[in-house]
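Participant: Kindly return the folded structure for what I paste below:
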Amino acid sequence: MTRPQPDDVIEKPPFFPDSPPKDPRTLIQEKLLWGRRLILFLAACMSLRLLFIAKGPFALSPDEAYFWGWTRHLDWCYYDMGPMVAWFMAISTKMFGISELGVRLPAVLLSLSGSLFLFRLATDLFESPRVGFGAVVLMNLVPLGAAGSVIHVYYSEQLFFWILSLFLIRKAVDTGQRRWWYALGTSLGCGLLSHHTFFILTFQLFLYLLLSDKGRPWLRRKEPYLAGFMALAIFSPAFVWNLHHNMVTFRHAPGQLGRDHSVVRTFLVQFLGGQLGVITPLIFLAVLAALAAAAYRGLKKKNDAWLFLFATSAPLLLYVSCISFGGRVEANWPASAYVSGFIAVSALFYLRRTRKIWHTVYATAALSLALLATLAAHFPRLVDIVYDLPPAKDPTNRLQGWRELGQDVSALRTGMPDSFLCALDYGLAGELGFYTQGQPHAYCLPVSYRQSQYSFSNINREIGRDAIYVKIGRDPVEARVRDLFESVGPPSERVILKGDGPQVRWVFSIYRCKGFKGFFGKLPDKY
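Facilitator: Reported below is the predicted structural model:
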């Protein structure tokens, strides 16, 4: 007589049969095998990234240079975001010098550490190191993950603490040990100091506990609430900072949404088109299919692992898609949702008892397309072999031309050694401060179109000094800028070409400004 299988095994839709439980010794052997493969894969990724930072063609992005400027004045919070990105940059540049490597090294290390926790999380969820390895490959191969492993903005810290928090809550629920909850509270607190989407993650974790048969009993215990209290306690200095600064961080976040009544532009182009670009079309479709399977298995079949993946991914993805119907969104806003999404995709592929040929063909095509997109992003000249991409459509254009601009401003400043640097764009001001020789202080002038962290700089201490003002384009200097100085000389021009061809990447106009008169007006209200 055949022994009946557990209900969780026999009641499976034919398109999604999981593998039966494995012998513990077999699982240990698989962990060792896939663990070695993981180490080799991550070692290769880390080596290539460090080499690319040291020898690659890309300068710091405007956001990276802007955040580096925060390290000059370490604080508990900043205009745009919490302080974690500045703290990591400050430690790295203190140890390795103020250089592109010093700024970007935390992104490489955080990606490496996050990949290790992602492997453990996925492996523990499904008792399959193959699932963990597949999730790590997806995270590192798609353009969004690959770029976030080199370019250091606050998403580097956000993704790391997001993965760590998911790992810790699973440990807490699976082991029943309270110490994991306290570690979770610490991780969530650091996450809140990294990015405000951790408020959404907190909601998602509560949703999981509420829906999960394994997690629901914890809602009657004190540990989850102590973890939440710890997170808020760690975040409290940033909140107090905001109380003293007109709550600018909280006002800035909704201000980023903007208003746009064109659903075609916001949802189809910015959101959907953005996801197809940063995740690649085939993998994005695979994530949607995997989350649909997770919803079915988690909500209807009460499979806790799949419920966890659905609850910690779908709400954030749905939230960003909804706000895109009425406001501006950026492609990387739902980035954290893909942590659980990639685990679901990997499990959907690896845990099938029978795999049809089209599954393998689709997976091969999806990974190949992601690899090609990532290679094209790192080496844009590969695209030029097929199509001469205009600079306006080149996503790497924002990473080029800043070194050359810094050289020109440095040469000009030798004749104006006591001058300060300024611009109207916060990113341009950051690039000037980083790439000009001696890295002098740079300002985003208070007559800019919007506020930024530069709004808290006391620019009036520069009254009477000369300045070098830089703007993008050939238009005459703005009247509101001219009014800040006693006189503004004619511009010198710096043209940045794409390679050796005629296409122009940037045109910078550089002005000598005499006698800063000070600013005594009202700052712009736009957040």
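Participant: Contacts for stretch 176-184, please.
Facilitator: 165, 168-169, 171-172, 223-224, 226-227, 230 (C-beta atoms under 8 Å, 6 or more residues apart in numbering). Just so you know, the C-beta spots here come from the backbone N, C-alpha and C atoms, and that holds for glycine as well.
Participant: show me where the stretch 101-250 of the chain has helices.
Facilitator: 129-141, 143-148, 154-175, 179-192, 198-211, 223-243, 248-255 (DSSP state H, counting those that start in this stretch).
Participant: meant to ask about the stretch 401-527 of the chain
Facilitator: 402-413, 426-435, 479-482.
Participant: These: which one's closest to C190?
Facilitator: For C190, the closest of those is helix 426-435, at 24.3 Å, according to C-beta to C-beta.
Participant: Could you export the closest one as PDB, CA atoms only?
Facilitator: The C-alpha coordinates for helix 426-435 follow below in PDB (Å, rounded to 0.1, in the frame of the first residue of the first chain):
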ATOM      1  CA  TYR A 426      22.500  70.400  -6.600                       C
ATOM      2  CA  GLY A 427      24.100  67.600  -8.500                       C
ATOM      3  CA  LEU A 428      26.300  70.000 -10.600                       C
ATOM      4  CA  ALA A 429      27.400  71.700  -7.300                       C
ATOM      5  CA  GLY A 430      28.300  68.300  -5.900                       C
ATOM      6  CA  GLU A 431      30.400  67.400  -9.000                       C
ATOM      7  CA  LEU A 432      32.200  70.800  -8.800                       C
ATOM      8  CA  GLY A 433      33.100  70.200  -5.200                       C
ATOM      9  CA  PHE A 434      34.400  66.700  -5.800                       C
ATOM     10  CA  TYR A 435      36.300  67.100  -9.100                       C
END
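Participant: pLDDT averaged over it - what is it?
Facilitator: Average pLDDT, helix 426-435: 96.
Participant: Against which helices or strands is that helix packed?
Facilitator: Here helix 426-435 touches helix 62-70, helix 402-413, strand 420-423, strand 442-444, strand 467-472, going by 3 or more C-beta pairs under 8 Å, 6 or more residues apart in numbering; DSSP states H and E.
Participant: Just put the ones you listed in JSON lines and tack on distance to S262 and mean neighbour count.
Facilitator: Output for the helices and strands packed on helix 426-435, formatted as JSON lines (distance: least, C-beta to C-beta, whole Å; neighbours: other C-beta atoms under 10 Å):
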{"stretch": "helix 62-70", "distance to S262": "26", "mean neighbour count": "23"}
{"stretch": "helix 402-413", "distance to S262": "32", "mean neighbour count": "18"}
{"stretch": "strand 420-423", "distance to S262": "30", "mean neighbour count": "24"}
{"stretch": "strand 442-444", "distance to S262": "29", "mean neighbour count": "25"}
{"stretch": "strand 467-472", "distance to S262": "26", "mean neighbour count": "23"}
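Participant: Format these as CSV; extra columns: distance to S99 and mean pLDDT.
Facilitator: Listed next are the helices and strands packed on helix 426-435 as CSV, based on distance: least, C-beta to C-beta, whole Å; pLDDT from 0 to 100:
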stretch, distance to S99, mean pLDDT
helix 62-70, 10, 96
helix 402-413, 12, 95
strand 420-423, 19, 96
strand 442-444, 18, 94
strand 467-472, 22, 96
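Participant: Of all those, which one is nearest V142?
Facilitator: Using C-beta to C-beta, these put helix 62-70 closest to V142, at 19.8 Å.
Participant: give me the low-pLDDT residue ranges for the protein?
Facilitator: By pLDDT under 70, the low-scoring segments of the chain are 1-23, 254-261, 353, 524-527.
Participant: hey, which helix is longest across it?
Facilitator: Counting residues, the longest helix in the chain under DSSP state H turns out to be helix 24-55.
Participant: Can you tell me which of the contacts of stretch 176-184 is nearest A59?
Facilitator: S165 (32.8 Å).
Participant: Please name the residues that touch the closest one.
Facilitator: S165 touches 184, 187-188, 191, 198, 201, 205, counting by C-beta under 8 Å, 6+ apart.
Participant: What is the neighbour count of the nearest residue to L188 once chain neighbours are set aside?
Facilitator: Nearest residue to L188, sequence neighbours excluded (C-beta to C-beta, 6 or more residues apart in numbering): A231, at 3.7 Å. Neighbourhood size, A231 [other C-beta atoms under 10 Å]: 24.
Participant: Check whether Q270 really touches E330, as I assumed.
Facilitator: Yes: contact criterion C-beta atoms under 8 Å: Q270 and E330 qualify, at 7.3 Å.
Participant: So those two - more neighbours on which side?
Facilitator: Higher neighbour count among Q270 and E330: Q270, with 20 against 14, using other C-beta under 10 Å.
Participant: out of everything not next to it in sequence, what's closest to the more buried one?
Facilitator: Here the residue nearest Q270, using C-beta to C-beta, 6+ apart, is V329, at 5.2 Å.
Participant: Quick check, that neighbour in contact with L272.
Facilitator: No: contact status for V329 versus L272: not in contact, 10.0 Å apart, counting by C-beta under 8 Å.
Participant: follow-up on the earlier one: go through the longest helix of the chain and flag the buried ones.
Facilitator: 30-31, 34-35, 38, 41-42, 45-46, 49, 52-53 (16 or more other C-beta atoms under 10 Å).
Participant: likewise stretch 173-191?
Facilitator: Applying 16+ other C-beta under 10 Å to stretch 173-191 flags 173, 178, 180-191 as buried.
Participant: now stretch 100-117
Facilitator: 100, 102-112, 114-117.
Participant: Check the chain for its longest strand and report it.
Facilitator: strand 504-516 (DSSP state E).
Participant: Could you tell me the end-to-end distance of stretch 93-105?
Facilitator: 9 Å (C-alpha to C-alpha, to the nearest Å).
Participant: so how far is that stretch off the chain centroid?
Facilitator: 19 Å (C-alpha atoms, centre = their mean, to the nearest Å).
Participant: Next: stretch 266-280.
Facilitator: On C-alpha atoms, centre = their mean, the centre of stretch 266-280 falls 16 Å from that of its chain.
Participant: Use 554 as the first number for this chain going forward.
Facilitator: I'll keep to 554 as the first residue from here, and by that count the last item is stretch 819-833.
Participant: what's next to that stretch, contact-wise?
Facilitator: Residues contacting stretch 819-833 (C-beta under 8 Å, 6+ apart): 695-697, 700, 813, 837, 840, 873-874, 877-885, 887-888, 891, 919, 922-923, 926, 948.
Participant: Return the set of buried residues in it.
Facilitator: 819-820, 823-824, 827-828, 830-833.
Participant: Could you list the alpha-carbon positions for that stretch in CSV?
Facilitator: Once non-C-alpha atoms are left out, stretch 819-833 reads as follows in CSV (Å, rounded to 0.1, in the frame of the first residue of the first chain):
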residue,chain,number,x,y,z
THR,A,819,3.6,58.2,-15.8
PHE,A,820,2.3,54.6,-15.7
LEU,A,821,3.2,53.2,-19.1
VAL,A,822,6.4,55.1,-19.7
GLN,A,823,7.9,56.0,-16.3
PHE,A,824,6.7,53.0,-14.3
LEU,A,825,6.1,50.1,-16.7
GLY,A,826,8.8,51.2,-19.2
GLY,A,827,11.2,51.8,-16.3
GLN,A,828,10.7,48.4,-14.9
LEU,A,829,11.3,46.8,-18.3
GLY,A,830,14.5,48.7,-18.6
VAL,A,831,16.0,48.2,-15.1
ILE,A,832,14.8,44.5,-14.7
THR,A,833,14.6,43.6,-18.4
